[in-house]
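Peer 1: next come a sequence and a model predicted from it.
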Amino acid sequence: MRITGQGGGGGQAPGEKDRSDPEAFRRGRKVGQTVRGRLSAPGPGGLYWVVVAGHRLLAALDHQPLPGRELVFRIEALVPELVLKDITPPPSAASDPSLLLAALTEARSRFERRLAGAAAPSPPSGLPGPPLDLTAARRRFAAFLAADPDARAAYDALRRAFAQAASLIPAREGRPVYAPWVFPGLAQSEILAARHGPADGGPGYTLRLCGRLEAAGFVAAVATWRPGQTAYRLMAERPDQAESLRLALSAIRFGRAAIAPACLAVGPLPDELASGFLARLLAVAARPFTGLRLRV
């Protein structure tokens, strides 16, 4: 980046908030030193405010920046121009939402190919009759993983991808969980589980679940649990198949608990949920910006 000097090129008087002082930055620095910084905000005349090692500088950038990202720079030159080179590690599935979504999708497909080969035959209707026994389903799933080490390894890789997704989406959206055993034949499944404390009307939970079923297509449900009350809203790609799905969910057994959820509404799947909850959330997550060279 190229720093314009004190006052930042915007006509500010000394002492104003937005000041660009490369000389203050140069003091005590040497070529080759590594410093941290972030892109701050647009400045005057097509320049950009950056904060590097605590110094607010006005810079000309080589690329269109993304504000707010933390970056790592190496000092390339101090005179006659102050030149910093971005050496932020390249994006990976751990930091780039689009790469993570691709990795998660591939890991899920790889695991579910093995899971489908071991699935029990479906009932004639394609859906289980009530009650839906989640304890027995989780036990069968654990037995499947124990009997197939390759499936276990693929499942562990998928769980790591879901854990990485948790670091890239707001905590208020809930914790991403992969639990394909929650409903027979459910593919491409994902759950967002959010716990509510007293300040949020709790104690209670909100579960957002989605996935693909053979008859109903892609489905999504938003369920809430509070002491003595469980209810959900159901959305389906093919709503005409939703009645049999609603019947299958009319009674659920989990451990010693027997739950009879109330179905509040059944309707078509909104377009924004056609790819699931995580894809929508990761799409709006900030992406890292790399390959930036700053002339100050």
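Peer 2: That came through fine.
Peer 1: gap between the two ends of stretch 58-72?
Peer 2: End-to-end distance for stretch 58-72, by C-alpha to C-alpha, to the nearest Å: 17 Å.
Peer 1: and what of stretch 85-97?
Peer 2: 24 Å.
Peer 1: buried sites along that stretch?
Peer 2: Neighbour-count burial for stretch 85-97, counted by 16 or more other C-beta atoms under 10 Å, picks out 86, 88, 91, 93, 95, 96, 97. Glycine gets a C-beta too; all of them are placed from N, C-alpha and C.
Peer 1: show me the shaky parts of the stretch 101-250 of the chain.
Peer 2: 119-130 (pLDDT under 70).
Peer 1: switch to 50 and redo it
Peer 2: Filtered on pLDDT under 50, the stretch 101-250 of the chain yields the residue ranges 121, 123-125.
Peer 1: which parts of it are helices?
Peer 2: In the stretch 101-250 of the chain, the helices defined using DSSP state H, counting those that start in this stretch lie at 134-147, 149-166, 242-248.
Peer 1: rewinding a little: confidence-wise, which of the buried residues of stretch 85-97 comes last?
Peer 2: Checking pLDDT across the buried residues of stretch 85-97, the minimum falls on residue 91 at 66.
Peer 1: centre of the chain to the helix or strand containing residue 35, how far?
Peer 2: For residue 35, the element it lies in under DSSP states H and E is strand 34-42. Between the centre of strand 34-42 and the centre of its chain there are 24 Å (C-alpha atoms, centre = their mean, to the nearest Å).
Peer 1: for it, list every residue counted as buried.
Peer 2: Quick answer for strand 34-42 (16+ other C-beta under 10 Å): 35, 37, 39, 40.
Peer 1: for that strand, packing partners?
Peer 2: Under the contact criterion of 3 or more C-beta pairs under 8 Å, 6 or more residues apart in numbering; DSSP states H and E, strand 34-42 touches strand 48-52, strand 70-77.
Peer 1: so for residue 206, what's the nearest residue that isn't a sequence neighbour?
Peer 2: The spatially closest residue to residue 206, leaving aside those adjacent along the chain, is residue 194, at 4.7 Å (C-beta to C-beta, 6 or more residues apart in numbering).
Peer 1: should've said residue 92
Peer 2: residue 99 (6.4 Å).
Peer 1: cool, residue 24 as well?
Peer 2: Looking at residue 24 with C-beta to C-beta, 6+ apart, the closest residue is residue 55, at 6.1 Å.
Peer 1: run through the bridge partners of that neighbour.
Peer 2: Beta-bridge partners recorded for residue 55 (DSSP bridges): residue 52.
Peer 1: for it, give its distance to residue 38.
Peer 2: 12 Å (C-beta to C-beta, to the nearest Å).
Peer 1: repeat for residue 216
Peer 2: 46 Å.
Peer 1: with residue 105 instead?
Peer 2: 30 Å.
Peer 1: wait, a strand at residue 98?
Peer 2: No - under DSSP: H, G, I helix; E, B strand; the rest coil, residue 98 sits outside any strand and is assigned helix.
Peer 1: got a list of what the residue nearest to residue 24 touches?
Peer 2: 21, 24, 25 (C-beta atoms under 8 Å, 6 or more residues apart in numbering).
Peer 1: nearest to residue 235 among the buried residues of strand 34-42?
Peer 2: residue 39 (38.9 Å; C-beta to C-beta).
Peer 1: right, and the closest one touches residue 48 too?
Peer 2: Yes - taking contacts as C-beta atoms under 8 Å, residue 39 lies within contact range of residue 48: 6.6 Å.
Peer 1: for the nearest residue to residue 239 once chain neighbours are set aside, grab the count of nearby residues.
Peer 2: Excluding the flanking residues, the one nearest residue 239 by C-beta to C-beta, 6+ apart is residue 268, at 5.1 Å. By other C-beta atoms under 10 Å, 11 other residues sit near residue 268.
Peer 1: partners of residue 268 in the sheet?
Peer 2: Under the criterion used (DSSP bridges), residue 268 bridges to residue 236.
Peer 1: which residues sit in contact with it?
Peer 2: Residue 268 touches 235, 236, 237, 239, counting by C-beta under 8 Å, 6+ apart.
Peer 1: let's see it at 7 Å
Peer 2: Applying C-beta atoms under 7 Å, 6 or more residues apart in numbering to residue 268 gives the contacts 235, 236, 239.
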